[in-house]
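> Model the structure of this input:
(2 chains)
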Amino acid sequence: GEKVEQHESTLSVREGDSAVINCTYTDTASSYFPWYKQEAGKSLHFVIDIRSNVDRKQSQRLIVLLDKKAKRFSLHITATQPEDSAIYFCAASMNTNTGKLTFGDGTVLTVKP
Amino acid sequence: EAAVTQSPRNKVTVTGGNVTLSCRQTNSHNYMYWYRQDTGHGLRLIHYSYGAGNLQIGDVPDGYKATRTTQEDFFLLLELASPSQTSLYFCASSDQGAETLYFGSGTRLTVL
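This next block holds a predicted model:
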């Protein structure tokens, strides 16, 4: 089955800098790649996603890049703020209709003032 | 915002005990999921469901059963709990398959 590897287990940046979290996946059939955020002591919530028919998507300060050839996708958070501090999970799905989503292990992002 | 409610918030049981974790969503979503979250393993899918009466096996189903009794309710059953099942369990629901999952607040289960 699909495996998703999240390369940075922890990441620390200064407020205002950019943060980049990288993920790779194993199955070339994967076509949907969402990101979820988990703030300390809270549940996860959806932040942004990208589908395999595009290679870049932006939502405010969040940018997702997809390199299908390398089976790699990344989350870029620009102009980071302390409230961006959280665990970020990448995920992949081969077929969104099946409902099955495989998550990476998570990256703990700390934004220092 | 979609609402997913899990109960209990915390549960302690002993090895061999019988545990039921409950999840209810009030958004008429078809898909519901049970994940466990462990340090170093991220979130792993246990079981999921497309609708009432439907069950699908996830990636780590051993030792778990699940039942989807209604559109709203999805239960996770541990009939012979083991310490390896100590974890934080999340329920989630979605309207469109793997797109935009809404997660509950989690149930922390400790098996002594």
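> From now on I want contacts and neighbour counts done on CA atoms only, so please keep to that.
Fine.
> number of nearby residues for the closest residue to B:Ser87 other than its chain neighbours?
Ranked by Cα to Cα, 6 or more residues apart in numbering or on different chains and with sequence neighbours excluded, the top spatial neighbour of B:Ser87 is B:Leu109, at 5.5 Å. A count of neighbours around B:Leu109, defined by other Cα atoms under 10 Å in any protein chain shown, yields 20.
> and residue 21, what are its bridge partners?
Here I'm looking at chain A. As for beta bridges, A:Ile21 partners with A:Leu75 under DSSP bridges.
> oops, I was thinking of chain B
When assigned by DSSP bridges, B:Leu21 has beta-bridge partners B:Leu76.
> burial measure for it, as a count.
That count, for B:Leu21 with other Cα under 10 Å as the rule, works out to 24.
> name the element the residue nearest in space to the middle of chain B belongs to?
Per Cα atoms, centre = their mean, the C-alpha nearest to the average position across chain B is that of B:Trp34, at 2.9 Å. Per DSSP states H and E: B:Trp34 is located in strand B:31-38.
> how many degrees apart are the next helix or strand after that strand and strand B:31-38 in direction?
For strand B:31-38, the following helix or strand on the C-terminal side (DSSP H and E) is strand B:42-49. Inter-element angle recorded for strand B:42-49 and strand B:31-38: 150 degrees (by axes from the mean of the first three to the mean of the last three Cα atoms, to 10 degrees).
> about what we covered before: what separation do you get for the residue nearest to the centre of chain B and A:Glu5?
Distance from B:Trp34 to A:Glu5, counting by Cα to Cα, to the nearest Å: 21 Å.
> Contacts only, for the residue lying closest to B:Ala92 once chain neighbours are set aside.
Spatial nearest neighbour of B:Ala92, excluding adjacent residues (Cα to Cα, 6+ apart): B:Phe103 at 4.2 Å. Residues in contact with B:Phe103 (Cα atoms under 8 Å, 6 or more residues apart in numbering or on different chains) are A:43-45, B:4, B:90-93.
> Likewise for A:Asp27?
Counted by Cα under 8 Å, 6+ apart, A:Asp27 has contacts A:1-3, A:94.
> now A:Asp27, what's its secondary structure?
Three-state call for A:Asp27 (DSSP: H, G, I helix; E, B strand; the rest coil): coil.
> Please report how far it lies from chain B.
A:Asp27 sits 15 Å away from chain B, taking Cα to the nearest Cα, to the nearest Å as the criterion.
> pLDDT at that residue, what is it?
If you check A:Asp27, the pLDDT there is 93.
> Backbone dihedrals for it, both of them.
With angles defined as degrees, to the nearest 10, A:Asp27 sits at phi -100, psi 120.
> And the pLDDT for B:His41?
On the pLDDT scale, B:His41 gets 79.
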